[in-house]
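Novice: Coordinates only, no sequence provided:
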């Protein structure tokens, strides 16, 4: 049997020529057959390592610099029809907003919000305020400034994550020595704001790019750091799943999920390898 498999593999290698970027259907079927008959080890010996799976969606173009336009006409955000959230009764929306505020306080400041804070921000949201605006309010006040003033070097794992994330999802390269001067709270604010600026750029230019960027980010976060996300939905590693979710949700909810996922991972990584 093994001699037959080896001969088959030799014939395949002669006819295949240069290896393509992705395997043809017949080669995939033969790889599966050999794996079933002789095991994965023999399959790898004959065909080599299987290629990395192609991404479910192409990454949208990431501009080198994201600038907010001063021309109101060119800064009109794309609109989408009413989502399922928009159709919910007021009380149900309030429950979701309440949960969001509790989680936002916990991931940004690592503390629970006071009752009066919750009431004030709930009122802001119900009067038409944005979730992104609430986040900006929390990270630009005196309390957060005090947290940014704490002396706390980023852990090795947090630093590695920041460098990879910025290159992949912001198309920006930072020097490690520069990031080492910042603490966890400064890093969270800076990288979150850079991502929000990019999402706002897509919100003006092309909503599908926003959905794809969010989907690819969410899928990779789930694959690499799923255990830190504390939710089976957030732990879903399929970009297609997150893409469909984003298409059906208000843009503000997409942004708030991005904020919370990024903060959850960065908070946890800071506790590792210090």
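Specialist: It's in. Being a predicted model, the structure only gives us computed values, none of them experimental. Residues are numbered from 1 along each chain as shown.
Novice: what's the weakest-modelled helix or strand in this structure?
Specialist: helix 2-16 (a mean of 45; mean pLDDT, DSSP states H and E).
Novice: element containing residue 92?
Specialist: Using DSSP states H and E, residue 92 maps to helix 90-109.
Novice: Run the chain-centre distance for that helix.
Specialist: 20 Å (Cα atoms, centre = their mean, to the nearest Å).
Novice: hmm, who's touching whichever helix or strand comes after that helix?
Specialist: Downstream of helix 90-109, the next assigned helix or strand under DSSP H and E is helix 115-126. Contacts to helix 115-126, defined as Cβ atoms under 8 Å, 6 or more residues apart in numbering, come from residues 90, 93-94, 97-98, 101-102, 105, 113, 129, 131, 133-134, 137. The C-beta positions use only the backbone N, C-alpha and C, and glycine is treated the same way.
Novice: Buried ones among these?
Specialist: 97, 98, 101, 105, 113, 131, 134 (16 or more other Cβ atoms under 10 Å).
Novice: so which of those residues comes closest to residue 63?
Specialist: Nearest to residue 63 among the buried ones among the contacts of helix 115-126: residue 131, at 23.9 Å, using Cβ to Cβ.
Novice: measure that closest one to residue 267 for me?
Specialist: 19 Å (Cβ to Cβ, to the nearest Å).
Novice: In the chain, where is pLDDT below threshold?
Specialist: When residues are selected by pLDDT under 70, those of the chain lie in 1-29, 51-56, 67-75, 273-274.
Novice: domains of it?
Specialist: 1-9+25-51, 72-270 (automatic domain parsing).
Novice: which non-adjacent residue is nearest the residue most central in space within the chain?
Specialist: The residue lying closest to the centre of the chain (Cα atoms, centre = their mean) is residue 217, at 2.6 Å. Leaving aside its sequence neighbours, residue 217 sits nearest to residue 169 (Cβ to Cβ, 6 or more residues apart in numbering; 5.6 Å).
Novice: what does residue 161 give?
Specialist: That would be residue 269: by Cβ to Cβ, 6+ apart, it lies 5.4 Å from residue 161.
Novice: Please give me every residue in contact with that neighbour.
Specialist: 155, 157, 158, 161, 225, 228.
Novice: The third one touches residue 270, doesn't it?
Specialist: Yes - when contacts are counted by Cβ atoms under 8 Å, residue 158 is listed as touching residue 270 (4.8 Å).
Novice: coming back round to it: including distance to residue 210, neighbour count and secondary structure, could the contacts of residue 269 go into CSV?
Specialist: Formatted as CSV, the contacts of residue 269 follow (distance: Cβ to Cβ, whole Å; neighbours: other Cβ atoms under 10 Å; DSSP: H, G, I helix; E, B strand; the rest coil):
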residue, distance to residue 210, neighbour count, secondary structure
155, 31, 18, coil
157, 28, 18, helix
158, 26, 24, helix
161, 22, 23, helix
225, 22, 19, helix
228, 24, 18, helix
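Novice: if we take the residues you listed, which one ends up nearest to residue 247?
Specialist: Checking the contacts of residue 269 against residue 247 with Cβ to Cβ, the nearest one is residue 225 at 24.0 Å.
Novice: if I pick that closest one, what's in contact with it?
Specialist: 265, 268, 269.
Novice: And the longest helix seen in the chain, what does it pack against?
Specialist: Longest helix in the chain, counting residues (DSSP state H): helix 184-205. Applying 3 or more Cβ pairs under 8 Å, 6 or more residues apart in numbering; DSSP states H and E, we find helix 184-205 packed against helix 131-139, helix 142-148, helix 156-169, helix 207-225, helix 251-270.
Novice: got the angle for it vs helix 251-270?
Specialist: If you take axes from the mean of the first three to the mean of the last three Cα atoms, to 10 degrees, helix 184-205 sits at 150 degrees to helix 251-270.
Novice: just to revisit the earlier point, can you tell me which of the helices and strands packed on helix 184-205 comes nearest to residue 82?
Specialist: For residue 82, the closest of those is helix 251-270, at 12.9 Å, according to Cβ to Cβ.
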